[in-house]
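[1] need a 3D model of the sequence below.
(chains A, B, C and D)
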Protein chains: 2
Amino acid sequence: MKRVSIKDIAKQAGVAPSTVSFVLNGKAKEMRISDKVAEDIKALAKEIGYYPNQTAVSLRTGKSKIIGLIVEDISNVFFATLAKYIEDKAYSLGYRIVYCSTENDDEKGNELIKMLLHQQVDAFLITPSKGMDKQITELLKRGKPVVLMDRFFPDINVPYVIVQNFRGVKTGIEHLLQKGYSKIAFITVDLDQIQMHQREKGYRDALNTSGFNYAEKLTLKLSFKQSAEASVMQIASFIKENPEIDSVFFATNYLGIFGLESIKLLELSIPKDIAVVCFDDHDIFRLYTPGITIIQQPIEEIAKTSIELLIKSITGELAAEEYRVFKDTTLVIRGST
Amino acid sequence: MKRVSIKDIAKQAGVAPSTVSFVLNGKAKEMRISDKVAEDIKALAKEIGYYPNQTAVSLRTGKSKIIGLIVEDISNVFFATLAKYIEDKAYSLGYRIVYCSTENDDEKGNELIKMLLHQQVDAFLITPSKGMDKQITELLKRGKPVVLMDRFFPDINVPYVIVQNFRGVKTGIEHLLQKGYSKIAFITVDLDQIQMHQREKGYRDALNTSGFNYAEKLTLKLSFKQSAEASVMQIASFIKENPEIDSVFFATNYLGIFGLESIKLLELSIPKDIAVVCFDDHDIFRLYTPGITIIQQPIEEIAKTSIELLIKSITGELAAEEYRVFKDTTLVIRGST
DNA sequence: CTGAAAGCGCTTACAG
DNA sequence: CTGAAAGCGCTTACAG
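    Okay, here's the model as predicted:
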């Protein structure tokens, strides 16, 4: 079964290939092709089951309709979920997605970007890791549309979609205050990232504007590099040393606490009467159920908006004011009534 | 910055484009092009940073070097992990991966296959759901290489890579017997799938060949369609009604038990002194730690072998004897010493 | 040993 | 209103 080409249709319809192309691309009116001819061609194309050869279109137009999705690790739930929503949205807009994982290896990321570039990828959707700034600048220099998700570089002028970190944390803290908790421990990591700073600011701000005093000693910054066990131990003794603590806010799920034993241990080291709120949902918090409060990231929205920005960027409709998009988080109380 | 084409190199090297093409495709010897010319061209290409336009190559050769990965849901851990390993392997072999999720919707799957087909995808890697048999037959009819993963259709003659279901379960049961457990409950679902039959057979066989009697009443088949709560209740009363039970073997993680509450409830309804073994690792079993035994599926091996078969199939080197590949499971005792 | 030419399937100025 | 022609960048018989 040979594939039908535009030529076959032209031959059968008794017109030139170009006429067929115009009709099928909706340029019949523009090219002032008679309605009858246009209708005939459309009917014939449908009957025959014609479908344009995307490769030929790509070669001719220089557009592949392929979006490169670069994440840290596609097997990670967060990125996989993101990928799912991106897939949905992109396919409905006529784009395909080619994915790859950098595994936080800048060299690999570099290599992948280079490859995708040569493979005629139209545009890029990236959740960048720290060292990818140069590569992204390079993409922009080459005129490739790029949208960053979940993270961003303040120094690079590129569209991004991230979460309302400040506001999200503030809502979570206010929720605790409303419930009558006021000695709120804030547990975070020592990463020098904008998101983390914003979250910490949300904590302070919520306390101060609510008339409670922000107490620096209730903030615990874990070293990102230490072992899961060390982190758990640190949290446990922190809580013991500050018996006034009535609640804990985890600023991130990237606390470096992995492995079921560590998580179990963490659970055991937090007394049952201490309320727990955490930013984003992850393994580490699966055990705190029911009653735990989650500041949930809107993965679906991040995905959809990112694709939308990217498409706009491809078609040149993206205004500079739209470059920065912040999505609101949702407060979810798990399993409670 | 304009892209360099084969023509540019030809011009600079003072030869014809075809000569450049031959050299760069390693056909210099075959075409008896002088070593000097060949070396010059290679050096020039490297210096200039030449990279072939894959779209043009695709159009000309009819090969896109794109593999379509069709799974049920890319956001699911199992499939996402599979995707990760497939990505690794495929990229190293010069293939890209376009993914899509069927969401167990046959119509959507149909649509996706059709689309990928038109988008010039070279070959397909599929974890098929029940209703995809016709679509897969259609692909084969069109001469597209296909490899199935994790599931298969006994009636369709297509390569597949699955797990040693029978042997895996047998190993798990024997493990329990060795530990001194002999009243082993077998909990499965009422799906009429080959895998499930093989697993049940593994259970019986292990008991019978070890000199213990297979007792049918210790097998519980849950309805796949009922709610998570109903399943948990059924399991709980099953265990209560059969107080001789000293251990439980879960035949699958697709028991329809989702949601943390249900899982917690399940955990509570299984007395601590009952040993638990389960086929494959999943949310549902995360809480049973430490001490739980997992019959782990080799996702990485499934992925790698599948790609290898697919590539062989593309190049026409796949012999019929290689069509069926069975991978061994691994017995993992979680968290115990 | 090497080059000129055709052609993959499409789009799009250009000429009637 | 419509068609002939060029060209996207490559590969591969074919001719010398």
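[2] for A:Lys7, the count of nearby residues, please.
    Neighbourhood size, A:Lys7 [other CB atoms under 10 Å in any protein chain shown]: 11. Any C-beta I mention is one placed from the backbone N, CA and C, and that applies to glycine too.
[3] does it touch A:Pro17 like I think?
    Yes. If you go by CB atoms under 8 Å, A:Lys7 and A:Pro17 touch, sitting 5.3 Å apart.
[4] against A:Lys183, how distant is A:Pro291?
    To be clear, residue A:291 is Gly; Pro isn't right here. Distance from A:Gly291 to A:Lys183, counting by CB to CB, to the nearest Å: 18 Å.
[5] which of the two has more neighbours?
    Looking at A:Gly291 and A:Lys183 with other CB under 10 Å, you find the greater number of neighbours at A:Lys183, namely 16 against 12.
[6] assess the claim that the more buried one and A:Phe249 are in contact.
    No. A:Lys183 is beyond contact range of A:Phe249, at 11.3 Å (criterion: CB under 8 Å).
[7] what's near enough to touch A:Asn53?
    Counting by CB atoms under 8 Å, 6 or more residues apart in numbering or on different chains, A:Asn53 touches A:3, A:5, B:59, B:118, B:120.
[8] just the pLDDT for it.
    If you check A:Asn53, the pLDDT there is 90.
[9] which bits of chain A sit near DNA strand D?
    Within chain A, the positions adjacent to DNA strand D are A:14-19, A:31-34, A:37, A:56, A:59-60 by CB under 7 Å from any atom of the strand.
[10] write the ChimeraX selection for whichever of these are buried.
    A single ChimeraX command selects the buried members of those (16 or more other CB atoms under 10 Å in any protein chain shown):
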select /A:15,19,33,37,59
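[11] nearest to B:Pro243 among the residues of chain A next to DNA strand D?
    Taking CB to CB as the measure, B:Pro243 lies nearest A:Ala56 of the residues of chain A next to DNA strand D, at 70.8 Å.
[12] which elements pack onto whichever strand or helix holds the closest one?
    Applying DSSP states H and E as the criterion places A:Ala56 in helix A:54-61. If you count contacts as 3 or more CB pairs under 8 Å, 6 or more residues apart in numbering or on different chains; DSSP states H and E, helix A:54-61 packs onto helix B:54-61.
[13] give me the low-pLDDT residue ranges for chain A?
    Chain A contains residues with pLDDT under 70 at A:1-2, A:254, A:256-261, A:281-290, A:335-337.
[14] just the helices in it please.
    Ranges of helices within chain A are A:6-13, A:17-24, A:35-48, A:54-61, A:77-92, A:106-118, A:133-141, A:165-178, A:194-209, A:228-241, A:260-268, A:299-315, based on DSSP state H.
[15] would you mind giving these as CSV with distance to B:Lys89 added?
    What follows is the helices of chain A, written out as CSV (distance: least, CB to CB, whole Å):
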stretch, distance to B:Lys89
helix A:6-13, 37
helix A:17-24, 38
helix A:35-48, 38
helix A:54-61, 24
helix A:77-92, 18
helix A:106-118, 15
helix A:133-141, 24
helix A:165-178, 37
helix A:194-209, 33
helix A:228-241, 30
helix A:260-268, 29
helix A:299-315, 26
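[16] export those as CSV, with columns for distance to DNA strand C.
    Shown next, in CSV, are those (distance: least, CB to the nearest atom of the strand, whole Å):
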stretch, distance to DNA strand C
helix A:6-13, 3
helix A:17-24, 3
helix A:35-48, 10
helix A:54-61, 3
helix A:77-92, 19
helix A:106-118, 18
helix A:133-141, 24
helix A:165-178, 43
helix A:194-209, 41
helix A:228-241, 55
helix A:260-268, 54
helix A:299-315, 13
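[17] out of those, flag the one nearest B:Ala215.
    Evaluated over the helices of chain A, closeness to B:Ala215 peaks at helix A:260-268, with 32.8 Å, by CB to CB.
[18] please name the nearest non-neighbouring residue to the closest residue to chain B within the stretch 101-250 of chain A.
    Nearest residue of the stretch 101-250 of chain A to chain B: A:His118, at 4.3 Å (CB to the nearest CB). Nearest residue to A:His118 in three dimensions, chain neighbours excluded: B:Tyr51, at 4.3 Å (CB to CB, 6 or more residues apart in numbering or on different chains).
[19] got phi/psi on that neighbour?
    Per-residue torsions, B:Tyr51: phi -150, psi 130 (degrees, to the nearest 10).
[20] my guess is it contacts A:Gln120, does it?
    No. Look at B:Tyr51 against A:Gln120 with CB under 8 Å: they stay out of range, at 10.5 Å.
[21] more crowded one of the two?
    Shown here are B:Tyr51 and A:Gln120; by other CB under 10 Å, A:Gln120 has more neighbours (20 against 14).
[22] distance of the residue of the stretch 151-300 of chain A found nearest DNA strand C from A:Glu321?
    Closest to DNA strand C within the stretch 151-300 of chain A is A:Pro159: 25.5 Å, counting by CB to the nearest atom of the strand. Distance, A:Pro159 to A:Glu321, using CB to CB: 11 Å.
[23] neighbour count winner among the two?
    A count of neighbours by other CB under 10 Å puts A:Pro159 above the other of A:Pro159 and A:Glu321, at 22 against 6.
[24] any idea how far that one is from DNA strand D?
    Taking CB to the nearest atom of the strand, to the nearest Å as the measure, A:Pro159 and DNA strand D are separated by 27 Å.
[25] against B:Ala303, how distant is that residue?
    34 Å.
[26] can you check A:Asn104 too?
    21 Å.
[27] likewise for A:Tyr214?
    Counting by CB to CB - A:Tyr214 and B:Ala303 are separated by 49 Å.
[28] quick check, A:Ala9 in contact with A:Lys46.
    For residue A:9 the amino acid is Ile, not Ala. No. A:Ile9 is beyond contact range of A:Lys46, at 10.4 Å (criterion: CB under 8 Å).
[29] the more surrounded of the two?
    A:Ile9 (24 against 9).
[30] surely A:Ser247 touches A:Val276?
    Yes. Using CB under 8 Å, A:Ser247 makes contact with A:Val276 at a distance of 7.1 Å.
[31] which of those two has more residues huddled nearby?
    For A:Ser247 versus A:Val276, neighbours defined as other CB under 10 Å are more numerous around A:Ser247 (24 against 18).
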